[in-house]
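Enquirer: Structure for this input, please:
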Amino acid sequence: MILKILNNLKTLVLILFSLHLLTSSALADNSTDTCYSVQLASVYNKNSIYLKLENYPSSCKLISLANLKAVRCGCYDDKKEAHVALRASRKRYHGSILVRTYKSRFIEKLDIASEENKRLGLEDKKEDRGSEDESIQDSTTQDIISLLPVNLWIQDLTKEGEFSVQGHVNVIAQGYPQRPVGKHKANLTLSGELELKYSEDDTSIVSKIYAQGDSHDVKGSSQHNERTFLRLDELYIQHDFEDDQIMFGQSVRFWGALEVNNLTDVFNPTDYRTDLFDSSKLGVLNLAYTHYTDTGELSLIVKLSEPDRDMAAQPYLYYFFPVAVQPGDLPGSPIPTPVSLGYTDKLNKETGSRPSFFMKYSGSTDTEYAWDYSIIYENGYDSQRYYTYTLSDNNTSASIQENAYLVNKVMSYNTIVVGSTLVKIEAVYTDIIKTDPLPTVKTATGTVRTKKLSDYLHIGLGLEHTLTQVYNEADLGLIAEYYRYEALQSGDDYFTDLELFEIYQNDLFIGGRYSFNEGNDASILTGLLYDLDYDEQVYSFEYETRLAELFKLKFSYYYIRPTSDANTVTAYSLMGTHQRLSLNLGYYF
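Expert: Predicted coordinates for the structure are as follows:
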């Protein structure tokens, strides 16, 4: 089995490498000179509206790297000089790290002041900064010096306060021109998120609340989608030292690099009441200690909770369990006719409420090609779950319940920038701690069916090559991603990928991202996700833009075509063939 996986990966790597050589050959004339830079912050494009540029030194650069944006200050040839700037920046920006970047790309990017003027539609008002031969290091060093303790104390005196509020309110209209029988043809969702932050010296308290309401939940009970709720996502306190940070409370963490699906984003479970293609995460209680090095950070995290998960009601399109259980679905059970099936929202944990332990190291290399990487080890509950069917005493109904089990897990996600090409890699190896048979069907008299869980590998490889200024200032990103899931043990007594509702087991995504670069973050993302095993297809189109600085508009279209094999039950086939149109208008403050 291992040899088969390695052979498949070898073939894929050769294909991706050949494609990369073809797409990057045009870069030969570009300068490969690099320098050291202090990275103050980085966010994914979808969250870039929260990047407050006015909070950073005006001479720093806003760097766009495919699916994320980063604020970087200075371009230093001397690593020791860069370390001095790094130490100074951490007085205010505690998560700052040292990275390598191409000199040419750094110089060409807009500085923070120019980017703000571009966003506001103003002309670039350049200040007199001395002679033309003044170096980048000189101007940036002045900003870094302004972060030293005395200057910070003066800035603190002029602050209006230490309390900040931000958030957004969204109105989302969705229609389903094609859908399974019994599902709503449309729904209107109102959602909002409010983040409150209080800071004093090096201590911060953060709270984030999410609220959602569904139009069908105000109608008769039989029409309810059960998607109206108030949720506390984050409530934590953190304290920053010079090179360390401690944190305790409920929070959401994002881990990953790929575009379509993040295999390593396992810390927070997905809320089943949100949209399948715009899902959100449940906050979890955790305790973390982080130590910052010159080029990265080491975190020790104790995850203290595994939350139960509610699910939307059956009329909602993305309730993906069947309405009834057929006799043949539960081998060995005594049901002679179909019985109704309900979902039990109580998570069954293998060993009760024990914590999960994580150790994570993230860093950047000093090599010619910018490589950002993270390596994570987990001992605790796996993010992949299995399900148990339980029949009622009189065998007239059944319930399905989610089960969590213990694993040892090693994960890594990486991005490597080679000229205009971004290479993305995510990999997961999972070792099941308890290998005993697990119940999958229960009756009033006991367990009638068991199965085992297999150790598994899950790997995702991706390329995104950017063609700059294809039309005026617009860039075009060509995206290819491949996902592979392999169980390391197999047989009739083991769970299959289908029974675990694993979607990305042998899938290829081909798509493109068109960025208008007109100062309003307008972009189009479109593509096809194709399942090579079960001939399933997902077509997608997304357009989003920012309006008048405070509003964000997003339109999306999805067409899901499940397998046509009636004997193969996948997660998509349970949802059925459908089309989804969505219009999302958000107000951000």
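
Enquirer: hey, let's count contacts and neighbours off CA atoms from now on
Expert: OK.

Enquirer: What is the neighbour count of S191?
Expert: 18 (other C-alpha atoms under 10 Å).

Enquirer: Give the closest residue to the residue nearest the centre of the chain in space, chain neighbours not counted.
Expert: Per C-alpha atoms, centre = their mean, the C-alpha nearest to the average position across the chain is that of F254, at 5.3 Å. Spatially, and ignoring its direct neighbours in sequence, F254 is nearest to D265 (5.9 Å; C-alpha to C-alpha, 6 or more residues apart in numbering).

Enquirer: and that neighbour, what is it in contact with?
Expert: 254-256 (C-alpha atoms under 8 Å, 6 or more residues apart in numbering).

Enquirer: So it belongs to a strand, correct?
Expert: No: using DSSP: H, G, I helix; E, B strand; the rest coil, the assignment for D265 is coil, not a strand.

Enquirer: and the gap between it and L330?
Expert: Distance of D265 to L330, computed by C-alpha to C-alpha, to the nearest Å: 32 Å.

Enquirer: again with K79
Expert: 64 Å.

Enquirer: So those two - more neighbours on which side?
Expert: Comparing K79 with L330 by other C-alpha under 10 Å, the one with more neighbours is L330, at 18 against 14.

Enquirer: Can you name the residues that contact the more buried one?
Expert: V441.

Enquirer: Stretch 469-480: which residues count as buried?
Expert: Buried residues in stretch 469-480, counting neighbours by 16 or more other C-alpha atoms under 10 Å, are found at 474-480.

Enquirer: next one: stretch 543-550
Expert: 543-546.

Enquirer: So G342 sits against Q401, correct?
Expert: No: the pair G342 / Q401 is not scored as a contact, 9.0 Å apart, by C-alpha atoms under 8 Å.

Enquirer: Report the two of the buried residues of stretch 543-550 separated the most.
Expert: Y543 and R546 (10.7 Å; C-alpha to C-alpha).

Enquirer: anything in contact with each of those two?
Expert: With contacts defined as C-alpha under 8 Å, 6+ apart, the residues shared by Y543 and R546 are A522.

Enquirer: how about the buried residues of stretch 469-480 in a markdown table, adding secondary structure and pLDDT?
Expert: A markdown table is the format used below for the buried residues of stretch 469-480 (DSSP: H, G, I helix; E, B strand; the rest coil; pLDDT from 0 to 100):
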| residue | secondary structure | pLDDT |
| --- | --- | --- |
| A474 | strand | 92 |
| D475 | strand | 92 |
| L476 | strand | 94 |
| G477 | strand | 93 |
| L478 | strand | 96 |
| I479 | strand | 97 |
| A480 | strand | 97 |
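
Enquirer: Check those residues and tell me the two furthest apart.
Expert: A474 and A480, at 19.9 Å, using C-alpha to C-alpha across the buried residues of stretch 469-480.

Enquirer: got a list of contacts for the helix or strand harbouring I246?
Expert: Assignment of secondary structure by DSSP states H and E places I246 within strand 244-251. The contact list for strand 244-251, computed with C-alpha under 8 Å, 6+ apart, reads 233-240, 283-292.

Enquirer: ok, it: who's next to it in the sheet?
Expert: strand 229-240 (antiparallel), strand 284-292 (antiparallel) (DSSP bridges).

Enquirer: Show me what the mean pLDDT comes to for that strand.
Expert: Mean pLDDT, strand 244-251: 96.

Enquirer: Counting neighbours, which bits of that strand end up buried?
Expert: Going by 16+ other C-alpha under 10 Å, strand 244-251 has these buried residues: 244-251.

Enquirer: Adding distance to Y588, write these out as TSV.
Expert: Shown next, in TSV, are the buried residues of strand 244-251 (distance: C-alpha to C-alpha, whole Å):
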residue	distance to Y588
D244	32
Q245	29
I246	30
M247	27
F248	28
G249	25
Q250	23
S251	21
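
Enquirer: what's the most distant pair in those residues?
Expert: Spatial extent of the buried residues of strand 244-251 (C-alpha to C-alpha) is set by the pair D244 and Q250 at 19.5 Å.

Enquirer: quick one on the thing from earlier: so the residue nearest to the centre of the chain: helix, strand or coil?
Expert: F254 ends up coil, using three-state DSSP.

Enquirer: what residue ranges in this protein are flagged as low confidence?
Expert: 1-32, 44-52, 65-68, 91, 104-161, 366 (pLDDT under 70).

Enquirer: can you give me the helices for it?
Expert: Using DSSP state H, the helices of the chain run over 2-24, 79-89, 103-108, 112-120, 136-145, 149-158, 571-575.

Enquirer: mind exporting the shortest one as PDB, just the C-alpha atoms?
Expert: The reference is to helix 571-575. Only the C-alpha atoms of helix 571-575 are listed here, as PDB (Å, rounded to 0.1, in the frame of the first residue of the first chain):
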ATOM      1  CA  ALA A 571     -21.700  12.800   0.700                       C
ATOM      2  CA  TYR A 572     -22.700  14.600  -2.600                       C
ATOM      3  CA  SER A 573     -25.200  11.900  -3.600                       C
ATOM      4  CA  LEU A 574     -27.000  12.300  -0.200                       C
ATOM      5  CA  MET A 575     -27.400  16.000  -1.000                       C
END
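
Enquirer: now what about that helix, what contacts it?
Expert: 180, 317-322, 498, 501-503, 560-563.

Enquirer: for P327, what are its contacts?
Expert: 333, 335-338.

Enquirer: what do you get if the cut-off is 10 Å, keeping everything else the same?
Expert: Contact partners of P327, counting by C-alpha atoms under 10 Å, 6 or more residues apart in numbering, are 333-339.

Enquirer: where's the closest residue to L317 other than its chain neighbours relative to Y559, distance?
Expert: Excluding the flanking residues, the one nearest L317 by C-alpha to C-alpha, 6+ apart is K183, at 5.6 Å. K183 sits at a distance of 16 Å from Y559 (criterion: C-alpha to C-alpha).

Enquirer: what does Q469 give?
Expert: Where Y559 is concerned, Q469 sits at a distance of 30 Å (C-alpha to C-alpha).

Enquirer: Next: P315.
Expert: Taking C-alpha to C-alpha, one finds P315 at 19 Å from Y559.

Enquirer: The residue nearest to L317: neighbour count?
Expert: 17.

Enquirer: circling back to that earlier point, now do the shared contacts for G342 and Q401.
Expert: 389-390.

Enquirer: quick one: D393 and T445 touch, right?
Expert: Yes: in this structure, D393 is within contact of T445 by C-alpha atoms under 10 Å, at 8.6 Å.

Enquirer: More neighbours: which of these two?
Expert: D393 (11 against 8).

Enquirer: That one: what's it in contact with?
Expert: Contacts of D393 (C-alpha under 10 Å, 6+ apart): 443-445.

Enquirer: any idea how far it is from S340?
Expert: In terms of C-alpha to C-alpha, D393 sits 14 Å off from S340.

Enquirer: Please apply the same query to E473.
Expert: Counting by C-alpha to C-alpha, the gap from E473 to S340 is 57 Å.

Enquirer: Not counting sequence-adjacent ones, nearest residue to K554?
Expert: E544 (4.2 Å).

Enquirer: show me what contacts that neighbour?
Expert: 46, 520-525, 552-556, 583-585.

Enquirer: who does it bridge with?
Expert: Here E544, judged by DSSP bridges, has bridge partners S523, K554.
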